[in-house]
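In: sharing a sequence plus its predicted fold:
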Amino acid sequence: MLLRGGKPASAKTEAENKAEMQAWGAYMGGLMQNGSMVGGLPLVGGGKTVSAGHVSDEAVTSAKEGIVGGYLIVKAESLDHATELAKGCPHIANEGNIEVREIAPMPAM
């Protein structure tokens, strides 16, 4: 799950931020309890973009979809199951969206 967009903490009240952190704790706890949680972290703003012969001092952003601000890796039976797990994520209530993608298996070397 790629977490995009959302209101920054600085745009919310202390009470709103506290409520959001409680919602995140409950959501992550639920994923851990049912065995779906593999990992995930927020990403620091900014970054660099590397392409053929060029390095930019900013991460790629899309005004339409929002910058990727974090990720979650979950175990799911299918893409549809992972999508159902994403529907309960507090990031959606924070005006963000979630791109749900499958990790492709890599052949052994």
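Out: Noted; the coordinates are in hand. Quick caveat: nothing in here was measured; it's all calculated off a predicted structure.
In: now the closest residue to residue 90 other than its chain neighbours, what's its secondary structure?
Out: Excluding its sequence neighbours, the residue lying closest to residue 90 (C-beta to C-beta, 6 or more residues apart in numbering) is residue 23, at 3.9 Å. Where C-beta positions appear, they are placed from N, C-alpha and C, glycine not excepted. Secondary structure for residue 23, judged by DSSP: H, G, I helix; E, B strand; the rest coil, is helix.
In: neighbours around residue 23, how many?
Out: Close neighbours of residue 23, defined as other C-beta atoms under 10 Å, add up to 16.
In: is it true that it touches residue 93?
Out: Yes - look at residue 23 against residue 93 with C-beta atoms under 8 Å: they come within range, at 7.1 Å.
In: shared neighbours, the two?
Out: With contacts defined as C-beta atoms under 8 Å, 6 or more residues apart in numbering, no residue is shared by residue 23 and residue 93.
In: could you point out where this protein is predicted with low confidence?
Out: Scanning the chain for pLDDT under 70 picks out the ranges 58-65.
In: got the residue ranges for the helices in it?
Out: Taking DSSP state H as the criterion, the chain carries its helices at 14-33, 79-87, 90-93.
In: quick one: which of those helices is nearest residue 52?
Out: Of all those, helix 79-87 sits nearest to residue 52, with 31.3 Å by C-beta to C-beta.
In: buried stuff in that closest one?
Out: For helix 79-87, burial by neighbour count (16 or more other C-beta atoms under 10 Å) applies to 82, 85, 86.
In: closest one of those to residue 109?
Out: Comparing those against residue 109 with C-beta to C-beta places residue 82 closest, at 27.0 Å.
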